[in-house]
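1. fold the following and give me the result.
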Amino acid sequence: MGDEVPRDVRPGFVAIGVVVRPFGIRGEVLVDILTHDPAYLSPGRTVYVGGEPRVIEGCRFHQGRAIIRLAGIGGRHQAEGLRSLYLEVPEGELPPLEEGEYYYYQLVGLQVRTTSGAELGHVVEVMATGGDYQVLVVRGPAGEVLVPAVDEFVRAVDLNRGLLVVEEVPGLLT
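-> As a prediction, this is how the structure comes out:
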């Protein structure tokens, strides 16, 4: 995405993609995909871009990204105005998860403590590793710590209290 920084996701919404740049001259945009469910990018679906509802008129995939045509965006100049904006859907449109499962957006901002009570900081990002699991990026007074998002390390998640408890593993967290 170059030097552009995505703007914050609006409360009550979840980002499913972020516009990287215009694609071609007809108003299509190149999108980094932030969802594991490509159905959210299907033609006919309404997404919110910059707070405005837009219907996806076309979507194709290329090299791990989506090329999307949005209703009301007719040329490159209009598409340029969408650079770095999120494609969002209301949280209420997400399917319910099984007990003990969480959407990544729910983990960002949680306070992180070890099983012995040591404060590590807050989850600032859930990072894809390209493998079978993701990594929680935790930032606190002692710096940044990476915690594998697997049951062996993540012992408890309490969304109501805003708390995530991780196993204290010597050498991994210090």
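2. quick one: buried residues of the helix-or-strand element of the chain with minimal mean pLDDT?
-> Ranked by mean pLDDT, DSSP states H and E, the weakest helix or strand in the chain is helix 104-107, scoring a mean of 82. The neighbour-count check on helix 104-107 (16 or more other C-beta atoms under 10 Å) flags Tyr104, Gln106, Leu107 as buried. Every C-beta, even on glycine, is put in place using the N, C-alpha and C of the backbone.
3. among those, which one sits closest to Asn160?
-> Closest approach between these and Asn160, by C-beta to C-beta: Gln106, at 11.3 Å.
4. Arg83 versus the closest residue in space to that closest one that isn't next to it in sequence, what's the distance?
-> Excluding the flanking residues, the one nearest Gln106 by C-beta to C-beta, 6 or more residues apart in numbering is Leu159, at 6.0 Å. The gap separating Leu159 from Arg83 is 33 Å, by C-beta to C-beta, to the nearest Å.
5. for Tyr14, grab phi and psi.
-> In this structure residue 14 is Val, not Tyr. Main-chain dihedrals, Val14, degrees, to the nearest 10: phi -130, psi 130.
6. bridging residues for it?
-> Note on Val14: beta-bridge partners by DSSP bridges are Val89.
7. just to revisit the earlier point, need the pLDDT of the residue nearest to Gln106.
-> At Leu159, the predicted lDDT confidence score is 90.
8. count the residues that sit near it.
-> Leu159 has 11 neighbouring residues, counting by other C-beta atoms under 10 Å.
9. could you pull up the residues touching Gly44?
-> By C-beta atoms under 8 Å, 6 or more residues apart in numbering, the contact list for Gly44 reads Val55, Ile56.
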